[in-house]
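K.L.:
next come a sequence and a model predicted from it.
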Amino acid sequence: MGVDNPECSFVEKLGIEHMYKYVSPVNPAVYPHLTLVLMGIGLFFMAWFFVYEVTSTKFTRDLFKELIISLVAAVFLGFGILFLLLWVGIYV
């Protein structure tokens, strides 16, 4: 199995010593900090959404405002949960 053989696999052609080790774009040391910050922001917007829903009447509700607040809360909570899972060792 030489380099010129077309049946040779990619690893044999390149050689593992020439490959680079994969490095995460986010340093695992900051997973706890990202988790707390993102979850905190998400919980703030979630609480704001709940308070808005409870205190508004059907005449004062604004669908656009509800969608924006819920979308922001969902995005921050989603990324917060992602980093929480990475922090505890569940690599998704």
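P.N.:
It's in.
K.L.:
list the contacts for Ile41?
P.N.:
76, 80 (C-beta atoms under 8 Å, 6 or more residues apart in numbering). To be clear about C-beta, it is placed using only N, CA and C from the backbone, and glycine gets the same treatment.
K.L.:
and the one 4 residues further on, by the same measure?
P.N.:
For Phe45, the residues meeting the contact criterion (C-beta under 8 Å, 6+ apart) are 69-70, 72-73, 76.
K.L.:
could you do Gly78 as well?
P.N.:
Gly42.
K.L.:
what's the closest non-adjacent residue to Lys65?
P.N.:
Once flanking residues are discounted, Lys65 sits nearest to Tyr52: 7.3 Å by C-beta to C-beta, 6 or more residues apart in numbering.
K.L.:
can you tell me how far the one you found is from Met46?
P.N.:
Using C-beta to C-beta, to the nearest Å, we find Tyr52 at a distance of 11 Å from Met46.
K.L.:
shaky segments in this structure?
P.N.:
Under the criterion pLDDT under 70, the flagged ranges of the chain are 1-12.
K.L.:
tell me the centre residue of it?
P.N.:
In the chain, the centroid-proximal residue (C-alpha atoms, centre = their mean) is Phe79; its distance is 3.6 Å.
K.L.:
I'd say that one and Leu38 touch.
P.N.:
Yes: the criterion here is C-beta atoms under 8 Å, and Phe79 meets it with Leu38 at 5.0 Å.
K.L.:
quick revisit: mind listing what's buried along the helix or strand where the residue nearest to Lys65 lies?
P.N.:
Using DSSP states H and E, Tyr52 sits in helix 31-55. Neighbour-count burial for helix 31-55 flags 31, 34-35, 38-39, 41-42, 45-46, 49, 52 (criterion: 16 or more other C-beta atoms under 10 Å).
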